[in-house]
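Chemist: Dropping a prediction and its sequence here:
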Amino acid sequence: MDINIAPTKANLMSAKGSLDFSEKGYELLDQKRNVLIREMMSLLDKAKEVQTRINSTFKEAYDALKTANLTMGIASVVDIADSVPEGSEFEVLHKSVMGVEIPKLKYNVKEVEPYYSFYQTDASMDVAFKRFWEIKYLVMDLAEVENSVYKLAIEIKRTQKRANALENIQIPKFQEIVKYIQDALDEKDREDFFRLKVVKKKRTYKKQSEENNGTNGTNGNL
């Protein structure tokens, strides 16, 4: 690495400050990444559980629907399906996980409310309607979890990229700059110390010479 920085104490302090800032930034990013990963793993477990419940409930619902189609006729079943209003009894809120906004669906689970007459239907329709009613809420739960996992995965990838940049590029760069400046300043201090020692030695030698010369002059006069 070609370092084009003057080896001064001011630059050393600046480089040390940048190094300290980068190291603290890496620690924070590493903590954030770990929290996000834990949150995502818990959501993945929840998604697996909800998906399993959806699969089993769907099977029960479709088995009952097949029976209703056979006993009541497809046309009657279609008429009943068309009479069911579109579900809109939920509100999309958000919660923050380490700065990541993930969705949180707010809804009240209502009891089954049949939109058909019991006169021309049978038990299979009741079972199918009840199971699809349950699936409605399960699907909302799954949509919330999967969307949250997707957003967390994107943020984890972004955080990992930033952490890698600090760990592999910024921190080593400032470490090398600090070492370069510190070594240069240490070498300068050694040179100054050596020069000071030489100057001091010369002054001591000169003083001793002058004292010796003064003594010799006095002896001659005597």
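Modeler: Here it is on my side, so go on.

Chemist: so where's the protein shaky on pLDDT?
Modeler: Within the chain, the stretches with pLDDT under 70 are 1-2, 87-88, 205-207, 209-222.

Chemist: Now do the strands in it.
Modeler: Counting by DSSP state E, the chain has strands at residues 90-97, 100-107.

Chemist: Present those strands as TSV; the columns should include distance to Val145 and mean neighbour count.
Modeler: Any C-beta I mention is one placed from the backbone N, CA and C, and that applies to glycine too. Listed next are these as TSV, based on distance: least, CB to CB, whole Å; neighbours: other CB atoms under 10 Å:
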stretch	distance to Val145	mean neighbour count
strand 90-97	13	12
strand 100-107	9	15
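
Chemist: Same list (those strands) but as a markdown table, adding distance to Ser56.
Modeler: As requested, the strands of the chain are arranged in a markdown table below (distance: least, CB to CB, whole Å):
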| stretch | distance to Ser56 |
| --- | --- |
| strand 90-97 | 23 |
| strand 100-107 | 22 |
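
Chemist: what about Glu23, neighbour count?
Modeler: Neighbour count of Glu23, defined by other CB atoms under 10 Å: 16.

Chemist: Next, name the residue at the spatial heart of this structure.
Modeler: With distances taken as CA atoms, centre = their mean, the residue of the chain nearest its centroid is Arg33 (3.3 Å).

Chemist: Pull out the buried residues from stretch 62-74.
Modeler: By neighbour count, and taking 16 or more other CB atoms under 10 Å as the criterion, the buried residues in stretch 62-74 are Ala64, Leu65, Thr67, Ala68, Asn69, Met72.

Chemist: Tell me how far the helix ranked longest in the chain lies from the chain's centre.
Modeler: As assigned by DSSP state H, the longest helix anywhere in the chain is helix 9-72. Relative to the chain's own centre, helix 9-72 is displaced by 11 Å; criterion: CA atoms, centre = their mean, to the nearest Å.

Chemist: other SSEs contacting it?
Modeler: The contact analysis (3 or more CB pairs under 8 Å, 6 or more residues apart in numbering; DSSP states H and E) places helix 9-72 against helix 74-83, strand 90-97, helix 123-165, helix 171-221.

Chemist: Nearest to Ser42, out of these?
Modeler: When the helices and strands packed on helix 9-72 are compared by CB to CB, helix 123-165 sits nearest Ser42, at 9.8 Å.

Chemist: Packing partners of the closest one?
Modeler: With contacts defined as 3+ CB pairs under 8 Å, 6+ apart, the secondary structure elements packing on helix 123-165 are helix 9-72, helix 74-83, strand 100-107.

Chemist: I'd like the ones you listed as JSON lines, with distance to Glu113 appended.
Modeler: As requested, these are arranged in JSON lines below (distance: least, CB to CB, whole Å):
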{"stretch": "helix 9-72", "distance to Glu113": "17"}
{"stretch": "helix 74-83", "distance to Glu113": "12"}
{"stretch": "strand 100-107", "distance to Glu113": "15"}
